[in-house]
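1. what shape does this take:
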Amino acid sequence: MRKVEICFSPELIHLHSLEGKIVVVVDIFRATSTMISALANGITEIRTFADLEECRAMKQEGFLIAGERNGLKAPGFEMGNSPVAYLNEAYIGRKLAMTTTNGTLAISKSAKADEILIGAFPNLSSTIQYLQSKHQDVLIHCAGWKGMFNLEDALYAGALVKSLESSHEASEDGALAMKALFEKEGHNLKGFLSQASHAKRLQNHNIESDIDFCLTLDLFSIIGKLEGGSLFAIEL
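-> Numbers count the residues shown, from 1 in each chain. Got it, this is the predicted structure:
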């Protein structure tokens, strides 16, 4: 049986083997949720950057530029890190360059994987369907918060482990623990995750609509996949 494991922070990714695996990068609040929203609403390509200046320079190449640090839009950027900003095809046909505090770093540190997907609750079922169609082990790479564990990414990882149990065996204790947590709390995502430290940071910025979006299941039937250095939507 194929295996599934969880890395809880980019600071720990060196402890995991990436070769031959599909890595699912997840930053629920909010980078990967925003990426899925943008791709599902007509953004044609997303290029991700760990560095603010490299991302800002993409404006000269015609990219819409999105920058976030510490939950707020970075100075000099057109967009921040809000998934609802892309709804209703507000930027259809545009290419997006994006840098965030945690999520884009996790993508860059996953480079040795066979494939890189981005994970979010709004496209959970499509991601499951794709992973089950492939005959490869899966590593869920949680972006965390500045190198530390966070609850929302880990709970998504638990949802993925639980949903893949017919095809992928949880191969280490973290995957078993998060599967059990999701089985206990997954029926009440918003209520449970309202306790999370990053949810409280976002609540302080008055962006409840972002939190609601990030915790809504199966709005879109796409996956987000890294190909040739950029993220694209693939319809299933």
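2. check A111 and give its pLDDT.
-> pLDDT for A111: 96.
3. actually H198, sorry about that
-> As predicted, H198 sits at a pLDDT of 61.
4. what about the chain, any weak spots by pLDDT?
-> Across the chain, the ranges flagged by pLDDT under 70 are 197-206.
5. show me where it has helices.
-> With DSSP state H as the criterion, the chain has helices at 31-40, 52-56, 103-108, 124-133, 151-163, 173-185, 189-193, 197-204, 208-214.
6. ranking those by burial, who's on top?
-> Between the helices of the chain, helix 31-40 has the highest mean count of neighbours, a mean of 29, where neighbours are mean count of other Cβ atoms under 10 Å. The C-beta positions use only the backbone N, C-alpha and C, and glycine is treated the same way.
7. with just CA atoms, put that one into CSV.
-> Coordinates of each C-alpha in helix 31-40 appear next as CSV, following Å, rounded to 0.1, in the frame of the first residue of the first chain:
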residue,chain,number,x,y,z
ALA,A,31,-1.7,31.2,1.0
THR,A,32,-2.8,27.9,-0.6
SER,A,33,-6.5,28.7,-0.1
THR,A,34,-5.8,32.0,-2.0
MET,A,35,-4.0,30.2,-4.8
ILE,A,36,-6.8,27.8,-5.3
SER,A,37,-9.3,30.6,-5.3
ALA,A,38,-7.3,32.6,-7.9
LEU,A,39,-6.8,29.6,-10.2
ALA,A,40,-10.4,28.6,-10.0
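8. what lies in contact with that helix?
-> Under the contact criterion Cβ atoms under 8 Å, 6 or more residues apart in numbering, helix 31-40 has outside partners 25-27, 46, 66, 68, 81-87, 91, 96, 98, 100, 102-104, 118-123, 143, 210, 213-214, 219-220, 222, 224, 231-233.
9. and with 6 Å instead?
-> If you take Cβ atoms under 6 Å, 6 or more residues apart in numbering as the criterion, helix 31-40 is touched by 26, 46, 81, 83, 86, 96, 100, 103, 118-120, 122-123, 214, 220, 222, 224, 233.
10. one more: stretch 82-91?
-> Applying Cβ under 6 Å, 6+ apart, the external contacts of stretch 82-91 come out as 33-34, 37-38, 41-43, 64, 209-210, 213.
11. also stretch 46-58?
-> Residues outside stretch 46-58 that contact it (Cβ under 6 Å, 6+ apart) are 35, 65, 67, 74, 76, 96-99, 104-105, 107-108, 230-231.
12. about what we covered before: need the helices of the chain in JSON lines (columns: distance to M1).
-> Converted to JSON lines, the helices of the chain look like this (distance: least, Cβ to Cβ, whole Å):
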{"stretch": "helix 31-40", "distance to M1": "27"}
{"stretch": "helix 52-56", "distance to M1": "40"}
{"stretch": "helix 103-108", "distance to M1": "26"}
{"stretch": "helix 124-133", "distance to M1": "12"}
{"stretch": "helix 151-163", "distance to M1": "13"}
{"stretch": "helix 173-185", "distance to M1": "13"}
{"stretch": "helix 189-193", "distance to M1": "28"}
{"stretch": "helix 197-204", "distance to M1": "33"}
{"stretch": "helix 208-214", "distance to M1": "31"}
